[in-house]
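K.L.:
Quick one: sequence and predicted model below, then my questions.
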Amino acid sequence: MKRTPIIALSIVLVGALSACDRAEETGPPNLRFGRDECAECKMSIVDEKSAAAARIRTSHGTEALMFDDIGCLLDLERWKPQTQVTERWTRDYGSRAWTQAETATYVFSERIHTPMGSWIAAYAAPADAAAAQAVYGGDVLTFEQLVARRAAWMEERYGKREP
């Protein structure tokens, strides 16, 4: 009796079943600056202080998306509302460390230079955002306020765009 096909089939089945048991990935991705590209605009991600990331739900679990500018993250969600975002992160403009997007404080100022010209800087600490506002001017915003501000700003500049 040949056991090779049975053993091979057993290995495949065990591998498939163990893949189903894996926990969903969480947390920010390991972004490779200069090598990874933005999920929205497809530019190479090179600016550590303006990068953002999201984890979205797919039919295979979760997938990490990376962005070269916080504006690209916000635009993806606005223009593709069917996207199920499970987690979001931004890079702190000062420390360049990942911070959860919903808890960060943002400065929106035309004097802040970002890769895609969103003029958005994220800060983990509200005091750091206030200090940045003293330098750059502009407005200090929560994540919810930023989402609304970005949508209004884009519509004002480029007109209403349907998802």
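P.N.:
Arrived safely, thanks for sending.
K.L.:
tell me the secondary structure for R55?
P.N.:
Counting by DSSP: H, G, I helix; E, B strand; the rest coil, the backbone at R55 sits in strand.
K.L.:
any idea how far A97 is from it?
P.N.:
18 Å (CB to CB, to the nearest Å). C-beta coordinates here come from the backbone N, C-alpha and C atoms, glycine included.
K.L.:
Of the two, which one has the most company?
P.N.:
Neighbour tally, R55 and A97, criterion other CB atoms under 10 Å: the higher count belongs to R55, 22 against 11.
K.L.:
Where does the nearest residue to that one once chain neighbours are set aside fall, secondary structure wise?
P.N.:
In space, and not counting its chain neighbours, R55 is closest to E87: 4.3 Å by CB to CB, 6 or more residues apart in numbering. Per DSSP states H and E, E87 falls inside strand 85-91.
K.L.:
Average pLDDT for stretch 148-163, rounded please.
P.N.:
Averaged across stretch 148-163, the pLDDT comes to 85.
K.L.:
what lines up beside the strand holding E87 in the sheet?
P.N.:
For strand 85-91, the pairing partners within the sheet under DSSP bridges are strand 52-58 (antiparallel), strand 98-100 (antiparallel).
K.L.:
hey, what's the nearest residue to T83 once chain neighbours are set aside bridged with?
P.N.:
Distance criterion CB to CB, 6+ apart; nearest residue to T83, sequence neighbours excluded, is I56 at 5.5 Å. Beta-bridge pairing for I56 (DSSP bridges): E63, V85.
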